[in-house]
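Novice: no sequence for this one, just the structure:
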């Protein structure tokens, strides 16, 4: 009986020793992982798909148009239409465009009315600052239309981005934690639409001259406040 008990006890000790050896080996392996070089192969998936890169704001020359409605029996430009023509003339001046094209319909039911209103449109443009030599009048084929508009057109700079609404993948299937295809598109479009002068995205404007009188006042106030002389009125 004593021999059997001794054998069991010895076997248990050997099993415990083997278990401790495996545990020690595992700890050494973990320590080797912690102390090794960083895992550079792990890259955040959202970095190469930044919304500013995927939906960039682009400045390019585009045709800007305004359609002035013309009723078949109209004889004069309405005050509302005159207002929108004046606003379009202001945009033309701000964009520093070259030519203002006035396209008059030909072959439509309201061709005669458009012919009567065309000189009025030219006068509104001229009074708003568009030089007469930069107004070009031409006709376009409007056969088959009853009330074709008088179209104003010029080439100007425009800030824009691509069209939104691309959903090629399932939003729930993003194993790389990447942003979805349409992410940021609406914000980029809104930002592009809010830019008053697209040329500012190309290069900054020149600085205005320094106001020497104002500079002297600010400098004198700085010196007096710095030396305890009290502040002077500006």
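Specialist: Looks like it arrived, so ask away. Please read these numbers as outputs of a predicted model, since none were measured by experiment. Residues are numbered from 1 along each chain as shown.

Novice: excluding its backbone neighbours, what's nearest residue 156?
Specialist: Setting aside the residues directly before and after it, residue 156 is nearest to residue 95 in space (C-beta to C-beta, 6 or more residues apart in numbering), at 3.6 Å. From N, CA and C alone the C-beta is placed, and that goes for glycine too.

Novice: now the one you found: how far from residue 196?
Specialist: According to C-beta to C-beta, to the nearest Å, residue 95 and residue 196 sit 11 Å apart.

Novice: looking at those two, which one has more neighbours?
Specialist: Comparing residue 95 with residue 196 by other C-beta atoms under 10 Å, the one with more neighbours is residue 95, at 18 against 8.

Novice: next one: phi and psi at the more buried one?
Specialist: Note on residue 95: backbone dihedrals following degrees, to the nearest 10 are phi -80, psi -10.

Novice: chain center to stretch 71-89, what's the gap?
Specialist: 32 Å (C-alpha atoms, centre = their mean, to the nearest Å).

Novice: buried residues in it?
Specialist: Across stretch 71-89, burial judged by 16 or more other C-beta atoms under 10 Å covers 74, 77, 81-82, 84-85, 88-89.

Novice: kindly report the same for stretch 150-158.
Specialist: Neighbour-count burial for stretch 150-158 [16+ other C-beta under 10 Å]: 150-154, 156-158.

Novice: what's the farthest-apart pair in the residues you listed?
Specialist: Checked with C-beta to C-beta, the buried residues of stretch 150-158 reach their widest spread between 150 and 157, with 24.2 Å between them.

Novice: which residues in this structure form strands?
Specialist: Assigned by DSSP state E, the chain shows strands spanning 58-68, 100-106, 135-141, 150-160.

Novice: in a markdown table, list these along with distance to residue 126 and mean pLDDT.
Specialist: Shown next, in a markdown table, are the strands of the chain (distance: least, C-beta to C-beta, whole Å; pLDDT from 0 to 100):
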| stretch | distance to residue 126 | mean pLDDT |
| --- | --- | --- |
| strand 58-68 | 16 | 92 |
| strand 100-106 | 10 | 97 |
| strand 135-141 | 7 | 96 |
| strand 150-160 | 13 | 93 |
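
Novice: would you turn the ones you listed into TSV with distance to residue 210?
Specialist: Shown next, in TSV, are these (distance: least, C-beta to C-beta, whole Å):
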stretch	distance to residue 210
strand 58-68	30
strand 100-106	37
strand 135-141	39
strand 150-160	29
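
Novice: what's the span of stretch 119-135, first residue to last?
Specialist: 11 Å (C-alpha to C-alpha, to the nearest Å).

Novice: which positions within that stretch qualify as buried?
Specialist: Applying 16+ other C-beta under 10 Å to stretch 119-135 flags 120-122, 124-125, 128, 130, 135 as buried.

Novice: which stretches of the chain aren't confidently modelled?
Specialist: Applying pLDDT under 70 to the chain flags residues 1-48, 226-234.

Novice: can you show me the helices along it?
Specialist: Under the criterion DSSP state H, the chain contains helices at 2-35, 51-54, 79-95, 111-127, 185-194, 212-226.

Novice: can you give me the angle the third one makes with strand 100-106?
Specialist: Between helix 79-95 and strand 100-106, the angle comes out at 140 degrees (axes from the mean of the first three to the mean of the last three C-alpha atoms, to 10 degrees).
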